[in-house]
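K.L.:
Next come a sequence and a model predicted from it.
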Amino acid sequence: MTTAPAPAPAPAADSRGLALAHYAARGVLEHFLTRHGVTFQQQIVLRTAATAGSPHTPDTLVAEVRGYLKTGPATLRADLDALLARELLVRDGAHLRPTEAGSALLAASAAEVAPATARIWADIPAEDLAAAGRVLTRIAERANAELATLTA
């Protein structure tokens, strides 16, 4: 009687693995966003404006998203201009707010990607998700601190 070989140990988490997971998941989301004619980055800008506790000015919206995406303000302002031009965001005095079309786009893309997201996350034990969440939070904190020293 032969025994089955033991499964290979899972690789330790590292920057490459994190990046590969991010880009794979982002690729799935971008597939759905393309149907709506928006980029990943534009969707982040729109979602940030839509979920804000209080309205953003263009400057505060760019600053908040810049903190998330670590990209230059010129690129984010171009994304903001594109969203305004498509009337997914609108100026309301000094502030920005999503239009009905912007809110509908967010809702539609979220509904479209939800089944794929459910399949991707299915059957991952809650304790694994909690451990991954703790590790990712610590990595983000440390990377943000490191970036702050590099750009100071």
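P.N.:
Arrived safely, thanks for sending. Residues are numbered from 1 along each chain as shown.

K.L.:
now the helices for this protein?
P.N.:
Remark: helices assigned in the chain by DSSP state H are 15-35, 40-51, 58-69, 73-85, 100-121, 126-151.

K.L.:
Show me the chain divided up by domain.
P.N.:
34-115, 122-152 (automatic domain parsing).

K.L.:
okay, how far is it across the first one, tip to tip?
P.N.:
Between the opening and closing residues of domain 34-115 lies a distance of 17 Å (C-alpha to C-alpha, to the nearest Å).

K.L.:
can you check stretch 63-75 too?
P.N.:
End to end - C-alpha to C-alpha - stretch 63-75 spans 12 Å.

K.L.:
just stretch 88-100 next, same as before
P.N.:
Where stretch 88-100 begins and where it ends lie 8 Å apart, using C-alpha to C-alpha.

K.L.:
List the neighbours of that stretch that are in contact with it.
P.N.:
38, 45-46, 49-50, 55-58, 61, 80, 83-84, 87, 101-102, 105-106 (C-beta atoms under 8 Å, 6 or more residues apart in numbering). C-beta here means a position set from N, CA and C on the backbone, and glycine is covered the same way.
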